[in-house]
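Engineer: Give me the fold of what follows.
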Amino acid sequence: MEPSSFCSSMFILILLISGFMYAGVVNSIGINYGQIANNLPSPDAVVPLAKSIGITRIKLYDADPKVLKAFANSGVEFTVCVGNEYLAKIQDPGKALDWVKSNVQTFMPATKITCIFVGNEVLTFNDTTMTGNLLPAMQSVHTALVTLGLDKQVTVTTAHSLSILETSFPPSAGAFRRDLKNCISPILDFHAKTGSPFLINAYPYFAYKSSPKQVPLDYVLFQPNAGSLDPATNLHYDNMLFAQIDAVYAALGSLGYKKLPVHISETGWPSKGDQDEAGATPENAKKYNGNLLKLICQNKGTPLRPSSDLNIYVFALFNENMKPGPSSERNFGLLKPDGTPAYSLGFALNSSSSGNGNSNSNSSSGSGQGGINPITIGSSPPGSSSNGYLSISSAPSTVSSTSLFLLIIFTLYFLTFSLLRG
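Structural biologist: Take a look at the predicted model:
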C-alpha cells in the first residue's frame, strides 16, 4: 500500500469512526418527578424503575432528601427547587447559605445536583410581593454556591410559564408581556452573568384544549401536517412546540439576550381528562410524548436554532392522584403508581438497566420494592432486541466504548499490516 493510499484509508476510517460514534449518541431527556400523591412507590423503588427506562436527568419540585439519598451514586443529574413559599426567607444570604448547605451540599458529590430553580412560574401569579422577592432570592442562592465553591457545578435559574409572552405567533414576533419587562430584564442579566439557562414550561396541549376547533390536532401532536410559515424568517414550522420555543428565543433576542440557552422545564400531554377537556386521551398522549422523544433522539433542533440541543423535561414520571384541578392534572404521568405504563409510547425504551446501579446499601435491589419491577414502555417485535436508540434518555451510546476501541485497534492493525506488506 502506498503512503498516499494509507492516508486516504486513514481519513475514511476517521470519518467512519466519527459517524459511528455520532450514531450511537443521542440527546438526553429529563423527567419531572412530582409527588403530589399518596400511592407512589418509595424513592428507593423508583431508582431501578427510572434507570430501567433510561432516565438520566430528574427535576424535583423540592429537595426531597429521601429522593436525593436514594439516587446517590446513580449518575442521574438532579435539578432541585426552592419553592415559592420560601422566596421571602431565601432572600436573606444567611438563610440561603443554610438552605444550600442542607439541601444541596450535603448530598454532593454522591448525588449529582446540577441546577437549582428558585420559584416556579412566579411572574404569572401577578403577585407583586412574590415577584419582588424572586431575583434577590436567586442572587442569594447563587452567592451561597459561590461561598461553598459549588457555583461551577450548580447553576441557579427559575421556571416560567409560557404566558409571560404577550405574543408568540408568528414565532419571530415573540415578545414578553410589557408589564413584565422591567422585572424580566434583570433576571435575564443574572442568567447572562452566571451562565444559567432560561427555563420555560410549554404545553401545546393547553392551546389545543382551549381552541380545539381552531388548532389542528396533528400540528400539536408532531403528526404529518401542512404546518405554518413564518413570513418574517421564511422558516417552516410543522409543530407547535418548536414554534413556542422559537418565540421565546425571539423574545429574548428582542431584549438583547440572543445567546441565552432555553430549556423546556415542562411539557407533556395527559392521558385522561374531564368531558370538557378536549384531546386528553391515551392515544394523543402516546403520539405527543412518543413523537417528542423521537425528535429528541434525532438530535433535531428548532427551525430557528437547528444546531441547539433540545433540553427538555417531560411532565411527568407518575400520575399524581392528589393534584387539584381538572382530571387531566392527575394524568400527565408516563407511568402509573404501580410502575406500569400509563399508555404505550409505541416503541421500546431502554431496559438494559435491570439492576439499580446504585452502590447505596439502602437502595432497592434490581427487582425494586413493593412489586415495582424495571419495565419497558412499549415493546419490540418478537425475536428482535431494542438497541436503546429510542430510550427515554440519551443515555449512553448503543455502542459500548470497549467495542468501539476494539474496532479502532483492529482496523489500525489491519491497515498498518497492509502498509508494511506494501
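
Engineer: Let me know the average pLDDT across stretch 75-91.
Structural biologist: For stretch 75-91, mean pLDDT rounds to 98.

Engineer: next one: stretch 58-68
Structural biologist: For stretch 58-68, the per-residue pLDDT averages 98.

Engineer: If you count neighbours, what's buried in it?
Structural biologist: Of the residues in stretch 58-68, 58, 59, 60, 61, 63, 64, 67, 68 count as buried by neighbour count, 16 or more other Cβ atoms under 10 Å. (Glycine included, C-beta is placed from N, CA and C.)

Engineer: Tabulate the CA atom coordinates of that stretch in CSV.
Structural biologist: C-alpha atoms of stretch 58-68 as CSV (Å, rounded to 0.1, in the frame of the first residue of the first chain):
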residue,chain,number,x,y,z
ILE,A,58,-34.7,14.4,37.0
LYS,A,59,-36.3,17.6,38.1
LEU,A,60,-37.9,17.8,41.5
TYR,A,61,-40.3,20.4,42.9
ASP,A,62,-38.5,20.4,46.2
ALA,A,63,-35.2,19.0,47.5
ASP,A,64,-36.6,15.8,49.0
PRO,A,65,-33.8,14.2,51.0
LYS,A,66,-35.3,10.7,50.6
VAL,A,67,-35.1,11.0,46.8
LEU,A,68,-31.6,12.6,46.8
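
Engineer: quick revisit: in strands, which of the buried residues of stretch 58-68 appear?
Structural biologist: Within these, residues falling in strands by DSSP state E are 58, 59.

Engineer: how many other residues sit next to residue 342?
Structural biologist: For residue 342, the neighbour count with other Cβ atoms under 10 Å is 22.

Engineer: Pipe the buried residues of stretch 58-68 into CSV and attach distance to residue 227 per row.
Structural biologist: Formatted as CSV, the buried residues of stretch 58-68 follow (distance: Cβ to Cβ, whole Å):
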residue, distance to residue 227
58, 33
59, 30
60, 36
61, 34
63, 41
64, 41
67, 40
68, 42
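
Engineer: Just give me the closest of the buried residues of stretch 58-68 to residue 42.
Structural biologist: Residue 42 has its nearest neighbour among these in residue 67, at 9.7 Å by Cβ to Cβ.

Engineer: Now do the contacts for that closest one.
Structural biologist: Taking Cβ atoms under 8 Å, 6 or more residues apart in numbering, we find residue 67 in contact with 33, 43, 46, 58, 60.

Engineer: quick one: which two of those residues are the most distant?
Structural biologist: 46 and 60 (11.5 Å).

Engineer: what is in contact with these two at once?
Structural biologist: By Cβ under 8 Å, 6+ apart, the residues touching both residue 46 and residue 60 are 33, 67.

Engineer: picking that back up, ok, so of the contacts of residue 67, who is nearest residue 161?
Structural biologist: residue 60 (18.6 Å).

Engineer: surely the closest one meets residue 33?
Structural biologist: Yes - checked against Cβ atoms under 8 Å, the pair residue 60 and residue 33 is within contact range at 5.7 Å.

Engineer: Now whichever strand in the chain runs longest: buried residues?
Structural biologist: What stands out as the longest strand in the chain, according to DSSP E, is strand 112-120. Neighbour-count burial for strand 112-120, with 16+ other Cβ under 10 Å as criterion, is recorded at 112, 113, 115, 116, 117, 118, 119, 120.

Engineer: three-state assignment of residue 232?
Structural biologist: coil (DSSP: H, G, I helix; E, B strand; the rest coil).

Engineer: Check residue 36 too.
Structural biologist: Under three-state DSSP, residue 36 comes out as coil.

Engineer: Name all residues that make contact with it.
Structural biologist: 320, 322, 323.

Engineer: how close does the last one sit to residue 120?
Structural biologist: Remark: distance between residue 323 and residue 120 (Cβ to Cβ, to the nearest Å) = 14 Å.

Engineer: which residues are common contacts for the two?
Structural biologist: With Cβ under 8 Å, 6+ apart as the test, residue 323 and residue 120 reach no residue in common.

Engineer: quick one: the strands in the chain?
Structural biologist: 30-32, 57-59, 77-82, 112-120, 155-161, 165-167, 175-176, 198-201, 228-230, 235-237, 262-267, 312-315.

Engineer: would you turn these into JSON lines with distance to residue 94?
Structural biologist: As requested, those are exported to JSON lines (distance: least, Cβ to Cβ, whole Å):
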{"stretch": "strand 30-32", "distance to residue 94": "31"}
{"stretch": "strand 57-59", "distance to residue 94": "27"}
{"stretch": "strand 77-82", "distance to residue 94": "15"}
{"stretch": "strand 112-120", "distance to residue 94": "16"}
{"stretch": "strand 155-161", "distance to residue 94": "17"}
{"stretch": "strand 165-167", "distance to residue 94": "36"}
{"stretch": "strand 175-176", "distance to residue 94": "33"}
{"stretch": "strand 198-201", "distance to residue 94": "26"}
{"stretch": "strand 228-230", "distance to residue 94": "49"}
{"stretch": "strand 235-237", "distance to residue 94": "48"}
{"stretch": "strand 262-267", "distance to residue 94": "28"}
{"stretch": "strand 312-315", "distance to residue 94": "31"}
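
Engineer: Great, nothing more from me.
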